[in-house]
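**Q** give the three-dimensional model of this entry:
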Amino acid sequence: MITRKDEHKIDTAHNLFGGNGEISFTRIIQMPEELYNKGRVFSITTLPKGSELGWHIHKGDGEYYHILSGEAEYSDNGNTVTLHAGDTAFCPDGEGHSIKNNCDEPVVFIALVIYN
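**A** This is a model prediction of the structure:
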């Protein structure tokens, strides 16, 4: 199966999990069945300058962020670190995280949510 670039659905969200700004999601998959029901999100996420995906706790799943470009402020259970292109962060079941773009360049990352 091939999905061409222009066939991917792009969603936007405002103030997601109480964060600021608009975030866009290019859906690599549309339905959990495409991950054999082992996850629910596989997307390329873009945070423009000043945007953030607010603090949230994972229950029954965990989430990977793999940074493709830009520089992000990442809260790993309240411990703030800077993520750069090539870095990967994982938030396991029962823990929380957030991600914010304080720079001029957009932050682009792959988000993958997998079930515990």
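
**Q** please look at Asn116 and Gly60 and confirm they touch.
**A** Yes: judged on CB atoms under 8 Å, Asn116 makes contact with Gly60 at a distance of 5.6 Å. Quick note: C-beta positions are derived from backbone N, CA and C, even for glycine.

**Q** identify the contacts common to those two.
**A** Each of Asp93 lies in contact with both Asn116 and Gly60 under the rule CB atoms under 8 Å, 6 or more residues apart in numbering.

**Q** which residues does Thr80 contact?
**A** With contact taken as CB under 8 Å, 6+ apart, Thr80 is in contact with Glu73, Tyr74.

**Q** is it in a bridge, and if so with what?
**A** Here Thr80 sits in beta bridges with Ser75, going by DSSP bridges.

**Q** what pLDDT does the model give it?
**A** Note for Thr80: predicted pLDDT of 97.

**Q** burial of Leu53, as a residue count?
**A** Leu53 has 27 neighbours, counted by other CB atoms under 10 Å.

**Q** mind listing what's buried in the strand or helix carrying it?
**A** Leu53 belongs to strand 52-57 when assigned by DSSP states H and E. Residues of strand 52-57 classed as buried by neighbour count (16 or more other CB atoms under 10 Å): Glu52, Leu53.
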